[in-house]
Structure formats: C-alpha cells, structure tokens
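1. this one's sequence-less:
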C-alpha cells in the first residue's frame, strides 16, 4: 500500500508517447518484422513448388490488385467504424491466410492458384488495415512533439523492415519458407491482440447516416480541395511506380550482369534500409518550418538509384547512393505525416489516408508490367534514365504549387497569431489528439 505522501511514479515514456502511440508502435514493429520476412518466404515457396519468375510475379500481383480495389472502401469504413476494430479484423484475416499458406507449404501441397488466393486475402486485409492504422496513429499524438513521435514510429518501422528481411532470408535458408510464413501468422495474431487494447474513447462518435457513397464523396472533397495534398499524391503515384520498376525489375538484372549477382544487390537494399533508419533518427531532432518544401526537396535524390543503375556505378557508389536516398525519403515521410496530422480533421483522417495510399500503389502494377516491354523497346539504360528523369520532372512540378512551398509547421506562437502559412490552414485543426 502507498500513502498520499508517496511521490508519484515517473513514467519512463516521454510525454508524447501515450498508451495508444506505444501500442501502435510496438504492434507495427511486430507485424513489419514478420511481414518482410514473409515476402521473401512467399517467393521461395513459389519457386520450391516448381514455379518460375513469372509465377512469383503473379503471386505478388495478387496482393496488389485487391489492395488497389478496396483501399477507398477501407478508408470510408475506418472513419465510420471504430478504427481499432477494423485493424484487429484485418489482422485476423492476415493471420488466417498466412497460417493456411504455411500449412500448405509445409505439407508440400501448395498450388499456384491457392497461393494467389491466400495472398489476395492478405492484400484485402491490408486495404482495410492501412487507412485505419494511419488514422489511428495520426490521432494518437498531439502538440509540437508530433513530428518527433512520427519519426520514432517510422524508425521502429524501418528497423523492423531491415531486420525482418535479414532474419527472414536467414530463416528461409535454415528451416524453409513454410515456417517463416507460420511465424508471420503468429506475428499478426500477437499484433492484433495488442491493437485490441487501443483506446478510442477520445475520438468523437461519428454521426449516423450518409452511407458509404456519401462518405467516399466527402473524402474526395477533402482530398481534392487541398492542392498540396492531391499534388503530392499525384507526384508519388508516378515516382513510386517508376522506382518500383527500377528496383523490382531492372535492379536485379543490372546486379546480375554488372555487379556480381544477388549478394551485392541485397547489400545495396540493406544500405537503403539503414538510410531510412538514419533519416528517421535525424527527424527526431530536425523540425523544418516549411514542412512540404523541405520534404519535397528531399524527394529529388529518389532519382539517384535509377541513375546509378543506368551508368552502371560500382557497388560501393550504389550503396552510398541508396543510403543517401533512404535518409532523404524519411525526411519527406515524417514531414508528410506531420502535415496530414495538423491539416486534416480527425474524423476524415482514414478517408484521406486511403486516397494517399491509393495514389501510392495504383500505378505500381502497371509500371512493373511495362518495365520489360520498355526495356525491349528502348534498352535498359535508356529506361533507367527515363525513370530518373520522371522522378525529377514530377518533383519539380510539385514545387510549382504555392501551398506545397508555403505550408508551415504549426507552433503555439504561429497558431496564436493566426498566420498559418497556407490557405488550407485557415480553419483550426479539429479533434486531433
């Protein structure tokens, strides 16, 4: 027993790391650790079942297609139903699909159509999970420490990506892909259990009525009415597509022909992952006043890996380029999350996040599918230079949008003066935190 005179216990967590934020960060670390190992395991499961590179691509596409189809619906659902319930249900679906996938692989009976179907179920779960998770994270922090919180969250995520890929690759080699898929199913179960304890009592009840189509139209108005928002999403729909083509298709081919094979290419990807962790660490300290100006300027280096592959540069140069790119991508990522946090009303966060996610992935399947024909038409070197040029052009185009250049980080002093630096910031942030 304690008396009233006893001093209060001091929390080991910083003031901005509340209960919800801590649960979200820990559960995201668990799922990313498992999922990025499972990506490697799924590819080798297809190969061990007698498939070829085309079959691996079909299984990967099976995840992307439902993700694109259901993202907007997932965002609308997450702004109507308590977000933590959507997250837990999505994790349950992912757990079930990966568990069945693991059993089939371990039994040696996995067929291509079964692997495609189970992977599609995982993509469907992600389509509902991602907007709900982003909305929940953005509403879990408040005040001037929000950007630091997002940086720490992304540092944990990227650390899990690097560790998961390394651990997954080692486990596939040691015990086979089936057990790695089983471990991923367990990770989803653990993370879903943690997310069930999220507290949503601070989030106002949504008004009934309206329907799904009304919610989608409302989310579209919120998205289309903010030039900085749709401009950056359009930018990344193109940039992500060409970068995915360069990394997933051209990178391994250049590595095979000029860099010494899969080992050096894996090392280059590892340097990119290390750069993202370093960039997130940097953003725990740096708070640029013009959020999107600083973030967008840091997108230009995203063209460098394609250019280095086009040369092709020595592996040491490529690794340095990948590390730099990882750092600058995280500067953009934290700045982007901070802008969404301070500008988007809480009750519309998941719908806006869904449009953001949709723009990020919609063109990726098309770009990867066209990468081979483009190489045949103009050559690999020209295709890679084209990828680099597109990143530069769309990024320069976004800087022509005044709201991208002028949107400023909100501080107590700025908020009190009423000068918020953007036409979108004229109304106060509602319901955040």
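-> Structure received. Because the structure is predicted, anything quoted here is derived from the model rather than measured.

2. every contact and neighbour count from this point should use C-alpha atoms.
-> OK.

3. in this protein, where is pLDDT below threshold?
-> The chain contains residues with pLDDT under 70 at 1-17, 52-54, 57, 143, 202-210, 262, 411-433.

4. sketch out the helices for the stretch 301-433 of the chain, chain order is fine.
-> Using DSSP state H, counting those that start in this stretch, the helices of the stretch 301-433 of the chain run over 304-310, 315-343, 349-361, 364-378, 380-398, 402-406, 412-417.

5. compare those and report which one is nearest to residue 25.
-> helix 315-343 (14.6 Å; Cα to Cα).

6. how about residue 267, what does it touch?
-> residue 319 (Cα atoms under 8 Å, 6 or more residues apart in numbering).

7. buried set for whatever helix or strand it lives in?
-> Element membership of residue 267 [criterion: DSSP states H and E] is helix 262-283. Going by neighbour count (16 or more other Cα atoms under 10 Å), the buried part of helix 262-283 is 264-283.

8. ok, residue 185 to residue 351 distance?
-> If you measure residue 185 against residue 351 using Cα to Cα, to the nearest Å, the figure is 28 Å.

9. again with residue 275
-> On the measure of Cα to Cα, residue 275 and residue 351 end up 30 Å apart.

10. could you do residue 107 as well?
-> 41 Å.

11. could you check which of the two has the larger neighbour count?
-> Set side by side, residue 107 and residue 351 show more neighbours around residue 351, with 32 against 10, by other Cα atoms under 10 Å.

12. excluding covalently adjacent residues, which one is nearest to that one?
-> Closest residue to residue 351 apart from its sequence neighbours, by Cα to Cα, 6 or more residues apart in numbering: residue 75 at 4.2 Å.

13. again with residue 62
-> Counting by Cα to Cα, 6+ apart, residue 62 lies nearest to residue 120, which is 4.9 Å off, once chain neighbours are set aside.

14. is it true that that neighbour touches residue 68?
-> No. Using Cα atoms under 8 Å as the test, residue 120 is too far from residue 68 to be in contact (11.1 Å).

15. for stretch 356-376, which positions count as buried?
-> Buried positions in stretch 356-376, judged by neighbour count with 16+ other Cα under 10 Å: 356-365, 367-368, 371-372, 375.

16. repeat for stretch 310-319
-> 310, 312, 313, 315, 318, 319.

17. now residue 336: how far from residue 165?
-> Applying Cα to Cα to residue 336 and residue 165 gives a distance of 25 Å.

18. higher neighbour count, these two?
-> A direct count of neighbours by other Cα under 10 Å for residue 336 and residue 165 places residue 165 higher, at 24 against 19.

19. shouldn't the more buried one be in contact with residue 41?
-> No. Look at residue 165 against residue 41 with Cα under 8 Å: they stay out of range, at 9.7 Å.

20. run a quick neighbour tally on residue 175.
-> That count, for residue 175 with other Cα under 10 Å as the rule, works out to 10.

21. circling back to that earlier point, need the next SSE after the helix holding residue 267, C-terminal direction.
-> helix 291-297.

22. contact partners of that following helix?
-> Against helix 291-297 from outside (Cα under 8 Å, 6+ apart): 288, 328, 331-333, 335-336, 338-339, 395, 398-399, 404-409.

23. which of these count as buried?
-> The buried subset of the contacts of helix 291-297 - by 16+ other Cα under 10 Å - is 328, 331-333, 335-336, 338-339, 395, 398-399, 404-409.

24. what residues are up against residue 189?
-> With Cα under 8 Å, 6+ apart, residue 189 has these contacts: 91, 92, 95.

25. helices of the stretch 1-150 of the chain, start to end?
-> With DSSP H, counting those that start in this stretch, the ranges of helices along the stretch 1-150 of the chain come out as 19-48, 53-78, 83-107, 112-138, 146-175.

26. show the secondary-structure elements that the last one is packed against.
-> Applying 3 or more Cα pairs under 8 Å, 6 or more residues apart in numbering; DSSP states H and E, one finds that helix 146-175 makes contact with helix 19-48, helix 177-195, helix 262-283, helix 315-343.

27. of all the ones you listed, which one comes closest to residue 299?
-> helix 315-343 (6.3 Å).

28. give me the angle between that closest one and helix 112-138.
-> Relative orientation of helix 315-343 and helix 112-138, computed by axes from the mean of the first three to the mean of the last three Cα atoms, to 10 degrees: 50 degrees.

29. could you check how far the closest residue to residue 153 other than its chain neighbours is from residue 130?
-> Spatial nearest neighbour of residue 153, chain neighbours left out: residue 25 (5.7 Å); criterion: Cα to Cα, 6+ apart. In this view, residue 25 and residue 130 are 14 Å apart by Cα to Cα.

30. same question for residue 141.
-> Going from residue 141 to residue 130 by Cα to Cα gives 18 Å.

31. check residue 196 too.
-> Residue 196 sits 16 Å away from residue 130, going by Cα to Cα.

32. likewise residue 340?
-> Counting by Cα to Cα, the gap from residue 340 to residue 130 is 15 Å.

33. ok, the two, which is more surrounded?
-> Comparing residue 340 with residue 130 by other Cα under 10 Å, the one with more neighbours is residue 130, at 23 against 17.

34. contacting residues around the more buried one?
-> Residues near residue 130 by Cα under 8 Å, 6+ apart: 354, 357.

35. how far is stretch 319-331 from where the chain is centred?
-> 16 Å (Cα atoms, centre = their mean, to the nearest Å).

36. can you tell me the number of residues neighbouring the closest residue to residue 299 other than its chain neighbours?
-> Spatial nearest neighbour of residue 299, chain neighbours left out: residue 329 (6.3 Å); criterion: Cα to Cα, 6+ apart. When counting by other Cα under 10 Å, one arrives at 23 neighbours for residue 329.

37. tell me how far residue 329 lies from residue 214.
-> 35 Å.

38. likewise residue 38?
-> To residue 214, residue 38 is 37 Å away according to Cα to Cα.

39. which of the two has more neighbours?
-> More crowded of residue 38 and residue 214, by other Cα under 10 Å: residue 38, with 28 against 12.

40. doesn't residue 168 make contact with the more buried one?
-> Yes. Taking contacts as Cα under 8 Å, residue 38 lies within contact range of residue 168: 6.7 Å.

41. returning to what we had before: the residue nearest to residue 153 and residue 150 touch, don't they?
-> No. Between residue 25 and residue 150 there is no contact under Cα under 8 Å: 9.7 Å.

42. who has more neighbours out of these two?
-> Neighbours were counted for residue 25 and for residue 150 using other Cα under 10 Å; residue 150 has more, 26 against 21.

43. tell me who's in contact with the more buried one.
-> Here residue 150 is in contact with 334, 337, 338 (Cα under 8 Å, 6+ apart).

44. so can I have CSV of the helices and strands packed on helix 146-175 showing distance to residue 159?
-> As requested, the helices and strands packed on helix 146-175 are exported to CSV (distance: least, Cα to Cα, whole Å):
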stretch, distance to residue 159
helix 19-48, 8
helix 177-195, 16
helix 262-283, 6
helix 315-343, 12
